[in-house]
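> next input, structure requested:
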Amino acid sequence: MSEGAPADDETHHGYVVGQDNIEVLGLDIHNPVFVISALVVVGFVVLSLVFQTEAKHVFLALRPWLTTTFDWLFLATGNIIVATCLLVAATPLGRVRLGGRNARPDYSYSAWFAMLFAAGMGIGL
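Okay, here's the model as predicted:
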């Protein structure tokens, strides 16, 4: 989508994509989202550095609690994603060509396999 283009050609609500963005050091930043996210992250890091002992105790207790309490959610999420991908591939929805009728893939199946293999190896190593 080009800069300054309407967010959706079908609806006319007066919003232009990127209208709230600012450019800092050559980066195109969505100001409201960036400021809130940056403040949360910086605040979290500062509190963790100022109260290191307390943060250590919280983090040491939090990880085992999260993994034992939500282990079912971790497993279910992965299984649901795999099942959804298989379902899409097995239904006519898997034949939908992204990019339109005349779109052609940028990479071959072997190139995609190589990229996925390399990504999987990178994650595992």
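> can I get the strand or helix carrying Cys85 in PDB, CA atoms only?
Take DSSP states H and E as the rule and Cys85 turns out to sit in helix 71-90. What follows is helix 71-90, C-alpha atoms only, in PDB (Å, rounded to 0.1, in the frame of the first residue of the first chain):
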ATOM      1  CA  ASP A  71       1.500 -25.800  29.800                       C
ATOM      2  CA  TRP A  72      -1.900 -26.900  28.400                       C
ATOM      3  CA  LEU A  73      -2.200 -23.600  26.600                       C
ATOM      4  CA  PHE A  74       1.300 -23.900  25.000                       C
ATOM      5  CA  LEU A  75       0.500 -27.400  23.700                       C
ATOM      6  CA  ALA A  76      -3.000 -26.500  22.600                       C
ATOM      7  CA  THR A  77      -1.900 -23.400  20.700                       C
ATOM      8  CA  GLY A  78       0.700 -25.300  18.700                       C
ATOM      9  CA  ASN A  79      -1.800 -28.100  17.900                       C
ATOM     10  CA  ILE A  80      -4.500 -25.700  16.900                       C
ATOM     11  CA  ILE A  81      -2.200 -23.800  14.500                       C
ATOM     12  CA  VAL A  82      -1.000 -27.100  12.900                       C
ATOM     13  CA  ALA A  83      -4.600 -28.300  12.600                       C
ATOM     14  CA  THR A  84      -5.700 -25.000  11.100                       C
ATOM     15  CA  CYS A  85      -2.900 -25.100   8.500                       C
ATOM     16  CA  LEU A  86      -3.800 -28.700   7.500                       C
ATOM     17  CA  LEU A  87      -7.500 -27.800   7.300                       C
ATOM     18  CA  VAL A  88      -6.800 -24.800   5.100                       C
ATOM     19  CA  ALA A  89      -4.500 -26.900   2.900                       C
ATOM     20  CA  ALA A  90      -7.100 -29.700   2.600                       C
END
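> residues in contact with the next helix or strand after it?
On the C-terminal side of helix 71-90, the nearest following helix or strand under DSSP H and E is helix 109-124. For helix 109-124, contacts defined as C-beta atoms under 8 Å, 6 or more residues apart in numbering pick out Tyr107. In short, each C-beta sits where N, CA and C put it, glycine included.
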